[in-house]
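[1] Any chance you could fold what I've pasted below:
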Amino acid sequence: MRQPCAGEFNRNDEKGSGTVFGIALIGVISLLGFVAVVQVQATLLSHSVQGAADLSAIAGAQSPADPCAKAESIALFNKVILKHCFIDGENVSVEVEAATPALVAKLLDRFGISVNNVRAVATAGPPDFASVL
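    Residues are numbered from 1 along each chain as shown. I've put the predicted structure just below:
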């Protein structure tokens with residue numbers, strides 16, 4: 001068996017480097033997966049809260065008696081909180097808020113990222129038939 005010379009490369013020096021590379025690769029893939037899951041959760045929550053705001057504003061605009069009470073009941077049914085309700089003639093504007101899921105908030109807090117509640121605004125009123133014609 002031949003001994004390596006002073007400047008020659010020895011393959012035995014690389015034993016275990018594949019394991020270290022594999023562990024690093026798994027860590028990077030896991031981190032990217034975590035970021036993707038958090039992004040999807042935030043997007044779904046944002047769309048859900050905007051939908052609840054839209055429904056609350058439409059329900060309030062269609063209510064003849066107390067538009068803000070109707071908007072609030074629809075908001076609570078959709079698991080959001082009605083923060084503001086403003087009536088301008090036949091138009092109803094609402095602002096709703098929902099809390100970020102606890103698991104997502106805890107995970108982001110560990111990385112030093114503060115999470116606020118998700119807010120959405122919507123306005124609804126009678127249709128403007130003059131603009132259609």
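[2] distance of residue 53 from residue 101?
    Shown here: residue 53 relative to residue 101, a distance of 18 Å by CB to CB, to the nearest Å. C-beta coordinates here come from the backbone N, C-alpha and C atoms, glycine included.
[3] On the three-state scheme, the residue most central in space within the chain is what?
    For the chain, residue 42 is the residue whose C-alpha lies nearest the centre (CA atoms, centre = their mean; 1.0 Å). With DSSP: H, G, I helix; E, B strand; the rest coil as the basis, residue 42 sits in helix.
[4] Can you name the residues that contact the closest residue to it other than its chain neighbours?
    Closest residue to residue 42 apart from its sequence neighbours, by CB to CB, 6 or more residues apart in numbering: residue 104 at 7.5 Å. By CB atoms under 8 Å, 6 or more residues apart in numbering, the residues touching residue 104 are 38, 41, 42, 115.
[5] ranges for the strands of the chain?
    Listed in chain order, the strands of the chain (DSSP state E) span 81-88, 91-98, 118-124.
[6] just the ones you listed: most buried one?
    Of all the strands of the chain, strand 91-98 carries the top mean neighbour count, a mean of 22, counting by mean count of other CB atoms under 10 Å.
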